[in-house]
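Asker: coords please:
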Amino acid sequence: MAPRETDNNPTEADQPAAAQREWERLWEEGDDDGAATAGAESGRPATADAEPETGTEPGDDRDADADSSKTADADNDPSETADADTKSSGTADDDSPPPSTPAHSTADEVVTPHLDDERIAAVRRVAAAGRRWRNLQLAGCAALLAVAMTAGAIAIGAAKDSGAAGVAVGSSAVSPELLASGSLDASIASLQAHLRTQPKDFDGWATLGLAYVEQARTKGDPSRYPQAQAAFQRSLKISPANENALEGRAALAAARHEFKEALTYADQVLKENPYSERALCSRIDALVELGRYADASKAADLADARKPGVPVFTRYAYVHELRGDVTTARKVLEQALAAATSPGDISYVAGTLGQLAWNQGDYKTALNDYGRALAADENYLPALEGRARTQAALGDRAAAIKGMELVVSRYPLPQPLVELGELYESRGAEGDKAKAEDQYALVDAWIALARANGVNADLDTALAAADHGDVTSALKAARAEWARRHTVHTADALAWALHVNGRDKEALPYARQATATNYHNASFIYHLGTIELATGHQADGRAHLAKALKLNPGFSPLGAAKARKALEATK
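Answerer: The predicted model follows:
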């Protein structure tokens, strides 16, 4: 985003943003009287009128928390308050506060209709540059993607403020009270305004941090994570070991794929409050993502006994799905849907049901479930993505491409970007190959942005690069992720990365481990079958390819076609 000629000479309209920047500077320095000072220097009172800015320059991410190698103990030290204004490098210490200018709008701003067109145009401009990005520094890609995502956040924030339903709280990271207004952005703006006048409200800081984590999750914007970290740090500085901030630290660690740290924080909370819903849920999530499935099952049973509700039910269902118990998973999710009352919970649970049905190749039920999710929230992105994926599996490629284009124009995340690229490749019309390459380039950009904000993106790298990028990088990333955690997903990613690098004998044990829990995932089974064929296990390979296509015949626009071709070739 290029600077304006008037940036150094603020107008009356710019003064609230100046007050916001000054407040954040004083927050970083630990000045609890900063709100009044900020208001005085800006010529306006330090009240809710001092709204956050609507965007950020790419260079303002210089203070983002990029060093994910810090330990949890160092991260939890509330005494470290680095002055962000003195930083000039591309990374910061783990306890650095957030960039002085938020990456997204967080206020009820007046946004004119043309911003929606500008948002879409921004994403398309980034995509159009994709083929040239291969020769640019990855950091530059991330900066361009950040601009596109910022534009998208402004436009969609305006849509939500005009009456659309709020986002789903799948992570249980934010309290229902925070989302009561129906707009997470507006709730964040309200919290910021409150903390300007009540800077010692440690619960307010913790809630703001949780809201940032949720905003990052639902908008696919990892630049919010450093801001969440700083908010939790401030909360713990005021009130060490307070429950809300520790729960938030667990949610933040999980979001950054630091699952051992997430488990540590969750256990710390549960020692003091065994009935903390957020900590119970974070503990299940961490155990699942660490591949400790037996422990995760016990944790889910305990959470169900202590705090039954939608967040626990959805996790309980997923633990059973991973073990191949689809019947129980669907039964529990239907119970969760019956108990859901808010649009966010309804759309989240119904969307999860849709994904479960799609995994089993039950496309009619999947479309019905996604329809229920979209009836509760017409802008719920996972349901829009799932519906497009299901339409592709049913052969309606035109509707699938249109739907997936809508998804990635709003939130360019790795999975839908890859899916859209593969849809273009499978269509094979003039220019589709170039369009597909644009999507894969955007995946690289998102990964760079995630890493710059402290997110471990090795699994995303391995999955995308194995089929659509540098296979050497894919293997390196997959090995790094496997060293951290042994899950069915990391086993599958490592197996496939080894396969595309021609190391099938080494890949076979990992491919078998990925399917050992009886998790019904056609992609995993397809990978296993392909690797078995490559290692001379013809009968097993053919059986697994046939099983993948029977389970979910449209599991991938390209993978399903390759599975059919391999079966034909081995007759």
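Asker: Just give me the neighbour total for E272.
Answerer: 12 (other Cβ atoms under 10 Å). In short, each C-beta sits where N, CA and C put it, glycine included.
Asker: Now do the contacts for it.
Answerer: Contact analysis of E272 by Cβ atoms under 8 Å, 6 or more residues apart in numbering lists E243.
Asker: do you know how far it is from V488?
Answerer: If you measure E272 against V488 using Cβ to Cβ, to the nearest Å, the figure is 33 Å.
Asker: Below-threshold pLDDT in the stretch 101-250 of the chain: ranges please.
Answerer: 101-182 (pLDDT under 70).
Asker: try the chain
Answerer: Applying pLDDT under 70 to the chain flags the ranges 1-182.
Asker: and with 50 instead?
Answerer: For the chain, the stretches with pLDDT under 50 are 1-17, 19-20, 22-23, 26, 28-116, 119-120, 122-124, 126-144, 146-177, 179-181.
Asker: Contacts only, for A279.
Answerer: Applying Cβ under 8 Å, 6+ apart, the residues near A279 are 246-247, 250, 265-267, 269-270, 273.
Asker: neighbour-wise, which of these leads?
Answerer: Counting neighbours by other Cβ under 10 Å, A250 comes out on top of these with 32 neighbours.
Asker: hang on, that one packs against S282?
Answerer: Yes - between A250 and S282 there is a contact at 4.0 Å, judged by Cβ atoms under 8 Å.
Asker: residues shared between the contacts of those two?
Answerer: Common neighbours of A250 and S282 (Cβ under 8 Å, 6+ apart) are 262-263, 265-266.
Asker: What about those, which are in strands?
Answerer: Among the shared contacts of A250 and S282, no member falls in strands (criterion: DSSP state E).
Asker: Among those residues, which one lies nearest to I447?
Answerer: Within the shared contacts of A250 and S282, the smallest distance to I447 is 20.8 Å, found for A262 (Cβ to Cβ).
Asker: Number of residues surrounding the closest one?
Answerer: The number of residues packed near A262 is 26, by other Cβ under 10 Å.
Asker: ok now do it, which residues does it touch?
Answerer: A262 touches 250-251, 253-254, 282, 285-286, counting by Cβ under 8 Å, 6+ apart.
Asker: One more: N501?
Answerer: When contacts are counted by Cβ under 8 Å, 6+ apart, N501 touches 471-472, 474-475.
Asker: try S426
Answerer: 397, 557-558, 561.
Asker: what does stretch 381-398 rub up against?
Answerer: Counting by Cβ under 8 Å, 6+ apart, 168, 218, 347-348, 350-351, 354-355, 358, 361, 363, 366-367, 370-371, 373-374, 377, 399-404, 406-407, 410-411, 415-416, 419, 423, 426-427, 552-555, 557 sit against stretch 381-398.
Asker: Return it as PDB; C-alpha atoms alone will do.
Answerer: Taking Å, rounded to 0.1, in the frame of the first residue of the first chain, the C-alpha atoms of stretch 381-398 are listed here in PDB:
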ATOM      1  CA  LEU A 381     -16.500 -19.500   4.500                       C
ATOM      2  CA  PRO A 382     -15.900 -23.200   5.500                       C
ATOM      3  CA  ALA A 383     -19.500 -24.000   4.300                       C
ATOM      4  CA  LEU A 384     -19.000 -22.100   1.000                       C
ATOM      5  CA  GLU A 385     -15.700 -23.900   0.500                       C
ATOM      6  CA  GLY A 386     -17.300 -27.300   1.300                       C
ATOM      7  CA  ARG A 387     -20.200 -26.700  -1.000                       C
ATOM      8  CA  ALA A 388     -17.900 -25.900  -3.800                       C
ATOM      9  CA  ARG A 389     -15.800 -29.000  -3.100                       C
ATOM     10  CA  THR A 390     -19.000 -31.100  -3.200                       C
ATOM     11  CA  GLN A 391     -20.200 -29.500  -6.400                       C
ATOM     12  CA  ALA A 392     -16.900 -30.500  -8.000                       C
ATOM     13  CA  ALA A 393     -17.200 -34.000  -6.800                       C
ATOM     14  CA  LEU A 394     -20.700 -34.200  -8.300                       C
ATOM     15  CA  GLY A 395     -19.300 -33.000 -11.700                       C
ATOM     16  CA  ASP A 396     -20.600 -29.400 -11.600                       C
ATOM     17  CA  ARG A 397     -17.200 -27.900 -12.200                       C
ATOM     18  CA  ALA A 398     -18.600 -24.500 -13.300                       C
END
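Asker: Thanks a lot, see you next time.
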